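Novice: give me coordinates for this.
(2 chains)
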Amino acid sequence: MGCILFSAFAADSDREILRKVDELVNFEESDLAAEYTIVKKDPNGSASTTVAAMFRRDKSEQFLILILQPSADKGKGYLKLGKNLWLYDPVGKCFTFTSAKERFENSGFRLSDFTGSDYAKNYDIVSVTEEKLGKFNCKVFDLKANTNSVSFPREKIWVSEDNLVRKIEDYSLSNQLMRSSAIPSYQQVNSRWIPATIMIQDHMVFREVEGKKIYERTTVTIKDPSLNKQPDSLYTKEYLERINRTNG
Amino acid sequence: MADRKNFRLLKLWLSLIFFLCGLVLSAEEGNELQEAFDSIFEDPQEDVVIEKPVDIDYKQQAEKSDKVRIGGYLLMRGGGGIGWDEKPLQSKPEKEAGAYSKAYVTFDITPDPTLQLFGKLQTELESDKGNDTWGDIEADELWCDYNLKDMAFFRFGKCYMKWGQGRLFRPGDFMDDCEDGTSLRASFPNMLDGVSLVILYKNRHKSNPVKKLRRDDLTYAGKVDKTIGDINFTFAATSNREDGQRFLGSIKTVVFGTDFLADGIINYDGETTYEALAGFYKEWSKPNESQRIKLYGEYYFDGRDKNELDNCFGLATSVDNLFGSPVGFGLKWLHSMQTESGQFIAGLTISPWKHIKFRFAVPWNYGDKELDKDFYEEFPIKTKLGFTLFIELTSKF
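Specialist: Residues are numbered from 1 along each chain as shown, chains lettered A, B, ... in the order given. Below is the predicted model of the structure:
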């Protein structure tokens, strides 16, 4: 009886940790804007850099991402309204519906990574263990999705003692490791946290050199977060259309 | 017999040993890679506390551009085609070859973020017709935007607008002829998920031009967007004294990464007729290559003529960077089931060097009904079956 009570208590406490994890990185009270620099290094050694301005309004599940660099893509943008994601095609002058699970500008970073987190709602806890990750003492949550709307059906997350996610492993339905992400440092704005850097290793994109696998790596640097209120019209298709310009 | 059994056992043991060795080695390799990745956490940068968040206007930064920007591109195309009208490959073919150049110039003047003037001008040089001077300059787009405190956007001029969800059949594109006229559009982004009102002026009597504004030349239109749950709803209507009224209801959603769409149209010009469209769009991309595959499929019920109701379908696919090569491939097929007419085109593009592109196409047009009015736009010959080859040079400036 005592054993059952203890495991129920442990499960509740683990779920409470997941809730805190979500709460710390979601900005419900204000808009969040920041500059994202995404550097993708291909397994063959070539690198590409994309700089984007990101605007988030977690309260109403909205975000807008506008590309600032490379200059050829300036003005290209992605708009998320609730569960729908829109991409404006300036050549065809029309909007395309797209999935938030898609890779952002063909990098290891996904569009869904721009949003806050919702682990407590979208995932069930399969197991919790403890592990040391470098200097961090972490709880490792093995999570299984309870909805189709998430990018990965299974995730393992390493949560440090301050309730911040330090490492994520994303798995497919067949339990194949798809992607590893490391978030070694965060920045705190008011009482909320946003990653300072994210390093992503895409296990699906690799090249074998002398028997060793070299994976595609993406480094995301997030700087100068701002909590200024943004106009409602920013999160609209009209704005996205207006800001897109093309020279043909 | 015993030797054979021993040999089999030995084979089994050896296989097991090799399998286990492989497993240990791959696990070790995996562990090595994982350890290298985890080393990021050995001495990470400290978390930082931002006492005072920065006061950066990212919106202004994203909108910021040079006050005047001029660009454009030059297109030179040469090639030819061969085609048959009556009995393909048996009758005497029609042949044509030639070359032309097109120049596009764009200008974008933005005195401040509330006001923008955009223009795209084009002119053409038809070398094959013996013209050695550039033709008249035509405005492909020429419009002015005004942003009223982010509450309303106004666009006035010659511009493109695409309404409706169809890509192969476009019955819901009420603003299709917008590019041939002058329009004033007012958009209110904060009302529902976007409300637009349009007045379009298009001279419908060019052969007998009149100087005063005719009411027949004016079309009034409105469109409302609203997303509820995972579905985007659009309602639109147009009214023109000559054409009557048209009403559109559209839905669009994404299921398992595929776009699903449907349009329903009611036309009224003294009598009521109906059109309907349903379709899907799916795109695949391989992350380690630039190869992208697109697939469209649409069904269209054409009830505009009550005596000739028609059911049509269309399929189109395109593959960019086929197997990582500079080759692109595309197919498009539109078919009318009642009239047994259709249009089919297969195309191949090869971009071996920067700015240079080879285009090879096989257009095939059968039956009497013209389903795609832009079908012959790019071909030098207008026959039932043809083969065309172009070499294209484009340069942006």
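Novice: please count neighbours and contacts with C-alpha atoms only from this point.
Specialist: OK.
Novice: angles on the backbone of the residue nearest the centre of chain B, please.
Specialist: Centroid-nearest residue in chain B: B:R167, 7.6 Å away (criterion: CA atoms, centre = their mean). Dihedral angles of B:R167 (phi, psi; degrees, to the nearest 10) stand at phi -120, psi -30.
Novice: could you measure from it over to B:L295?
Specialist: Taking CA to CA, to the nearest Å as the measure, B:R167 and B:L295 are separated by 11 Å.
Novice: likewise for B:I70?
Specialist: For B:I70, the distance to B:L295 - CA to CA - is 35 Å.
Novice: ok, the two, which is more surrounded?
Specialist: B:L295 (18 against 15; other CA atoms under 10 Å in any protein chain shown).
Novice: element containing that one?
Specialist: In this assignment (DSSP states H and E), B:L295 forms part of strand B:292-303.
Novice: distance between that strand and the chain's centre?
Specialist: 13 Å (CA atoms, centre = their mean, to the nearest Å).
Novice: quick one: strands adjacent to that strand?
Specialist: strand B:272-285 (antiparallel), strand B:310-320 (antiparallel) (DSSP bridges).
Novice: which residues are contacting that strand?
Specialist: Residues outside strand B:292-303 that contact it (CA atoms under 8 Å, 6 or more residues apart in numbering or on different chains): B:166, B:168-169, B:273-286, B:309-321.
Novice: for that strand, give the mean pLDDT please.
Specialist: Per-residue pLDDT over strand B:292-303 has a mean of 91.
Novice: again, but for stretch A:214-223
Specialist: 90.
Novice: and the strands paired with strand B:292-303, which one is worst for confidence?
Specialist: strand B:272-285 (a mean of 89).
Novice: buried residues, it. List them.
Specialist: B:273-283, B:285 (16 or more other CA atoms under 10 Å in any protein chain shown).
Novice: any chance of the residues you listed in CSV, with distance to B:C178 too?
Specialist: Below are the buried residues of strand B:272-285 laid out as CSV (distance: CA to CA, whole Å):
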residue, distance to B:C178
B:T273, 23
B:Y274, 22
B:E275, 21
B:A276, 22
B:L277, 22
B:A278, 24
B:G279, 24
B:F280, 26
B:Y281, 25
B:K282, 28
B:E283, 29
B:S285, 34
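Novice: out of the residues you listed, who's nearest A:I222?
Specialist: Checking the buried residues of strand B:272-285 against A:I222 by CA to CA gives B:S285 as the nearest, at 26.7 Å.
Novice: got a pLDDT number for the residue positioned nearest the centre of chain A?
Specialist: For chain A, the residue nearest the mean C-alpha position is A:D113 (1.6 Å; CA atoms, centre = their mean). In this model, A:D113 is scored at 85, pLDDT.
Novice: just to revisit the earlier point, and the strand holding B:L295, which residues are buried?
Specialist: Here strand B:292-303 shows B:292-293, B:295-303 as buried, counting by 16+ other CA under 10 Å.
Novice: go on, stretch B:245-252?
Specialist: B:245-252.
Novice: and those residues, which is closest to chain A?
Specialist: Nearest to chain A, judged by CA to the nearest CA, of the buried residues of stretch B:245-252 is B:K252 at 8.2 Å.
Novice: ok, that closest one - contacts?
Specialist: Per CA under 8 Å, 6+ apart, neighbours of B:K252: B:165, B:231-233, B:259-262.
Novice: remind me which helix or strand it belongs to.
Specialist: strand B:244-255.
Novice: and the angle from that strand to strand B:272-285?
Specialist: 30 degrees (axes from the mean of the first three to the mean of the last three CA atoms, to 10 degrees).
Novice: partner strands of strand B:244-255 and their direction?
Specialist: Next to strand B:244-255 in the sheet, as set by DSSP bridges, lie strand B:231-240 (antiparallel), strand B:258-268 (antiparallel).
Novice: relative to the whole chain's centre, how far out is it?
Specialist: 18 Å.
Novice: what's the answer for stretch B:178-191, then?
Specialist: 20 Å.
Novice: and B:L200, how many neighbours does it have?
Specialist: Residues within reach of B:L200, counting by other CA under 10 Å, total 24.
Novice: what do you get for the one 5 residues further on?
Specialist: A count of neighbours around B:H205, defined by other CA under 10 Å, yields 11.
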